[in-house]
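Chemist: structure, please.
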Amino acid sequence: MKGDRHRRVLRLASTPRRGRGEDASAWPYDVDLLVDGDGRWTVGLSEGVGHGSAGCIVGVDEALETRWLAHIVKAQGEWLVPFLRRLRDGGRVTEEELVEEYRSRHGRSPHVRD
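Modeler: Prediction:
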């Protein structure tokens, strides 16, 4: 519904957790894309485990700044950058195309929560 504060959260980039393969990280990085009821996108960035974790939600413009791009790269989310640039430049990105790209890269659907 338009104007609804409801958000869908798509976990689209994440380092493998410890114990899940030889490239697993003891300090995980995650990138979520959030879409609100009006179709506006924001970017959730988090890192760490348990009480040592931290995170924030930033706008698409800020997510493309050097500091946050480094986080996106650590989370293995380089493939998201062209989508973020398109959004920044006023283009349209759909949840469906993000999910399809994720599936083509990972062989499964991303974690999505309402």
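
Chemist: span of stretch 28-47 from start to end?
Modeler: 5 Å (C-alpha to C-alpha, to the nearest Å).

Chemist: avg pLDDT for that stretch?
Modeler: Mean per-residue pLDDT for stretch 28-47: 94.

Chemist: which parts of it are buried?
Modeler: Buried residues in stretch 28-47, counted by 16 or more other C-beta atoms under 10 Å: 28-33, 35, 41-47. Every C-beta, even on glycine, is put in place using the N, C-alpha and C of the backbone.

Chemist: quick one: the strands in the chain?
Modeler: Along the chain, counting by DSSP state E, strands occupy 7-14, 29-36, 41-47, 54-58, 111-113.

Chemist: can you put those strands in JSON lines and add distance to Val99?
Modeler: Formatted as JSON lines, the strands of the chain follow (distance: least, C-beta to C-beta, whole Å):
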{"stretch": "strand 7-14", "distance to Val99": "7"}
{"stretch": "strand 29-36", "distance to Val99": "10"}
{"stretch": "strand 41-47", "distance to Val99": "14"}
{"stretch": "strand 54-58", "distance to Val99": "20"}
{"stretch": "strand 111-113", "distance to Val99": "8"}
